[in-house]
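Peer 1: Here is the input, now give the coordinates:
(chains A and B)
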Amino acid sequence: MNATLNRRDFIKVSSLAGSGLVLGFYLPSKENESLFAEPLTDFSPNAFVKIDPTGTVTISVAKSEMGQGVRTSLPMIVAEELEADWSKVKIEQADAHPTKYGSQGTGGSFSVRGSWQMLRQAGATAREMLLTAAAQSWNADRSSCRAEKGFVVHSSGKKLSYGDLADAAGKLPVPTSVQLKDNKDFKILGKAIPKVDTPEKVNGSAMFGSDVRVKGMLFSSIEKCPVFGGKVKSFDAAKAKAVSGVKDVVNLENGVAVVATSTYAAFKGREALSITWDEGQWANQKSESIKKMFEDAVKQRGSVEDYDGDAEGAFASAATKVEAVYEVPFAAHATMEPMNCTAHVQSDRCEIWAPTQSPQGAQNEAARILGLPLDKITVHVTLLGGGFGRRLQSDYVQDAVKVSKAVNAPVQVMWKREDDMQHDWYRPATYNLMRGGLDKNGSPVAWLHRVAGPSSRGLVVGGSTPQYKIPNFMIDSHIKETGVPIGAWRSVGPSQNGWVVESFIDELAHASKKDPYEFRRQLLTRSPRLKRALEVAAEKAGWGKPLPKGIGRGIAAVEGFGSSIAQVAEVSVQPDGTVKIHRIVAAVDCGPVVNPNTIEAQIESAVVYAMSASMKDEITIARGRVVQSNFHDYSMPMINEMPKVEVHIIPSTEAIGGIGEPGLPPFAPALCNAIFAATGKRIRRLPIRPEDLKKA
Amino acid sequence: MSSFTLTVNGKKHTVDVDPDTPLLWVLRDSIGLTGTKYGCGQGYCGSCTVHVDGEAIRSCTMAIESLSDKKVTTIEGLSPNSSHPIQQAWIAHDVPQCGYCQSGQIMAAAALLSEKPDPNDEDINASMNLICRCGTYNRIREAVHVASENMRKKELGQKGGK
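Peer 2: Here you go, the predicted structure:
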């Protein structure tokens, strides 16, 4: 930079440098400062908003973008209150910070609803300060000024841009309380705004974790013990080290890392490793044993999780009794981008580039492993090639930190698809004994749900309490160790319990010879919001109207993540047992709408994700290992199977709800209920197998 | 290791790799074109789809040694400024969610349209057999149809002159 640079030139340089990264006017030295008579400064009243003197508004996104659209929806909230010109807003992905942004964990469909108030506050605070700055500069009354599309406009018609006001606003005290906008005045929120990162995702320039390239970096691939919890007993690295491009081999105790000059050389080096494993206590685990353990467990009452009245007594004296067992398999996340992370560990610091849903978790893990304070650990959050809960874990971050430390160089650890499939944190497999009792009028008087599942009560039991008014109910559980790691899988507990509850209530409706929609509707007295969603879905789908021969209609409604969603499925079953979905109609109440574009996309997405777990393959265990390894034996729905999905967003003044997950739980039960309507066959074991439905 | 010369996006590159190295890793690790993605390494998912002499192939299972004298086009070289009708339709329909599979989806769609300018739904089902875990399939289908229509309109406009 030379001394003849004038202010205009500097502004140009600043706004061109780096995409979305505002260098602005933080001039680093006195020397630079002397370039200008009056140095202007950025206006940055909080962690989320920065306005530079050119008028560029930069909004920080502290949640992880994994396709759900947070890089668009969260800045929309700030921009709305700020009265910013959306076309001039730049987005900056925040690095991990222990406190600055609150929780950066991205999960539980919580990004929008958890940030809603805070981000509105952030935008409104900035807006109020810009208004004050303008009023002061005009010596005008504050109430004669209004904010509009990046300007403060005076009642006389004169106006100042946010850029012009940035320096003055930055010198004002930050107000402690500000007025938020009335929802009816929203100009940005509620509009179907295209996602800000779409352009970079159609030309190959989008940066995912695996696209990170750092000077001098090496590539690594890790052979992990195939049995959960197993360890390296001994290994011979001689042949691996002889593979061209292989630089080093590192013992990580739970696996052996090959470090090379390219990913493929690391893969080849792995194949040349000879490892003896200590397979540990789960070496003989298998799916059949897990099922047997669950089956035996539900013979006795377990820990009572939730209850009302005397469900066992009411069931014993019920006029009609219905009993059924529902089985859910383990499911893998299978994000399109396999787990990976890049780390550069140096003696006194560590820099990490991670596609993570848990930036602070990654930072904590690295600090723990390296014995460094948090402020010496920088975590850059890249785009995530899918998350779905898998990337809430930090195992792949640990890998990269450990390997980089061992070889003293920046390293990218890339998991193979097979590693990703076999070392996941799976959705729990569960075994559900369901008992329901009806009185002589066909009204439900007892509901008993006994569930057996692995390791985590929350993941197994979550979402099992029925939303319906049943005077006597009880949920009890048996939580058993299986050795299989389990974790949050898009929509978590409700992903399996939504299917169990909404299938079994359908069984009770049929047992009482009532219409399944009406039966539910009459029992939703405690959940008016869900009742409304049910009614809208039924109405839009034409519930009760005749369908072509062979097509069945099913309905399901599930409340969760602060939203209420009902779905109607229309399906037919071919003579060979394959299921064809003709249409899905969804009605959604998620409170105030941020971006209908992403709401529609998330419901479609949830439907496909639910299709995979309910209609495709399952994860099974044999000899302590996951049997499935890639997309040939853990297959995915493809474009030819994609049904039409109609999304109806219900205008709502309810509290704002989540949208990434709640579209998932109603799908499987709506589908299975429709199959029952079409064929008279009740699916009680997922995934649906053609042989279960094949005509004899 | 051996030396291989290949043309990628109109530019010649010489790389030193083992002969069995898949094109995918040559693109990503040797040449630095990271738009082409690794999804499964077995040709199942299609995230690594590129064009070889204009045809859509899965680069994760194509060894570099089989590519001499072939012209490779990746997502980075499909068009300057994202101007290909498929890219334009993808933007107009806001197709991507996570976006990881979309380079492959776009390359497969572009190859389909150059072979069949007016594909029907069955053609799309047959050619677009790539996995999208976010489930953008309906938008992909719409965008392919719209791109096809826009290409025809453009052609008609050009033929008609002024």
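
Peer 1: wait, does stretch B:29-46 contact chain A?
Peer 2: Yes. Counting by CB under 8 Å from any CB of the partner chain, chain A has neighbours in stretch B:29-46: B:29-30, B:32-42, B:44-45. (Each C-beta comes from the backbone N, C-alpha and C, glycine too.)

Peer 1: Closest one of these to chain A?
Peer 2: Relative to chain A, the closest of the residues of stretch B:29-46 next to chain A is B:G35; by CB to the nearest CB it sits at 2.0 Å.

Peer 1: quick one: what helix or strand has the residue nearest to A:G463 when sequence neighbours are not counted in it?
Peer 2: If the residues on either side of it in the chain are set aside, A:G463 comes closest to A:P494, at 3.3 Å by CB to CB, 6 or more residues apart in numbering or on different chains. Element membership for A:P494, per DSSP states H and E: helix A:492-511.

Peer 1: again, but for A:R435
Peer 2: Applying DSSP H and E, one finds A:R435 within strand A:430-438.

Peer 1: Helix A:492-511 and that strand, what's the angle between them?
Peer 2: Taking axes from the mean of the first three to the mean of the last three CA atoms, to 10 degrees, one finds strand A:430-438 and helix A:492-511 inclined to each other by 30 degrees.

Peer 1: Run the angle between the helix or strand following strand A:430-438 and helix A:492-511 for me.
Peer 2: As assigned by DSSP H and E, the chain's next helix or strand after strand A:430-438 is strand A:444-454. Angle, strand A:444-454 to helix A:492-511, by the same axes, to 10 degrees: 140 degrees.

Peer 1: pLDDT on strand A:444-454, on average?
Peer 2: Averaging pLDDT along strand A:444-454 yields 98.

Peer 1: same check, this time on stretch A:92-109
Peer 2: 97.

Peer 1: And for stretch A:302-320?
Peer 2: The pLDDT scores in stretch A:302-320 average 98.

Peer 1: Show me how far it is from its chain's centre.
Peer 2: Relative to its chain's centre, stretch A:302-320 lies at 35 Å (CA atoms, centre = their mean, to the nearest Å).

Peer 1: And stretch A:226-235, by the same measure?
Peer 2: Relative to the chain's own centre, stretch A:226-235 is displaced by 31 Å; criterion: CA atoms, centre = their mean.

Peer 1: Which of the residues in it are classified as buried?
Peer 2: For stretch A:226-235, burial by neighbour count (16 or more other CB atoms under 10 Å in any protein chain shown) applies to A:P226, A:V227, A:F228, A:G229, A:G230, A:V232, A:F235.

Peer 1: what do you get for stretch A:236-252?
Peer 2: Using 16+ other CB under 10 Å as the test for burial, stretch A:236-252 gives A:A237, A:A240, A:V243, A:G245, A:V246, A:K247, A:D248, A:V249, A:V250, A:L252.

Peer 1: which residues sit in contact with the third one?
Peer 2: With contacts defined as CB atoms under 8 Å, 6 or more residues apart in numbering or on different chains, A:V243 is in contact with A:A260, A:A265, A:K268, A:G269, A:A272.

Peer 1: Highest neighbour count among the residues you listed?
Peer 2: Counting neighbours by other CB atoms under 10 Å in any protein chain shown, the top entry in the contacts of A:V243 is A:G269, with 29 neighbours.

Peer 1: give me the element A:E92 is part of.
Peer 2: strand A:89-93.
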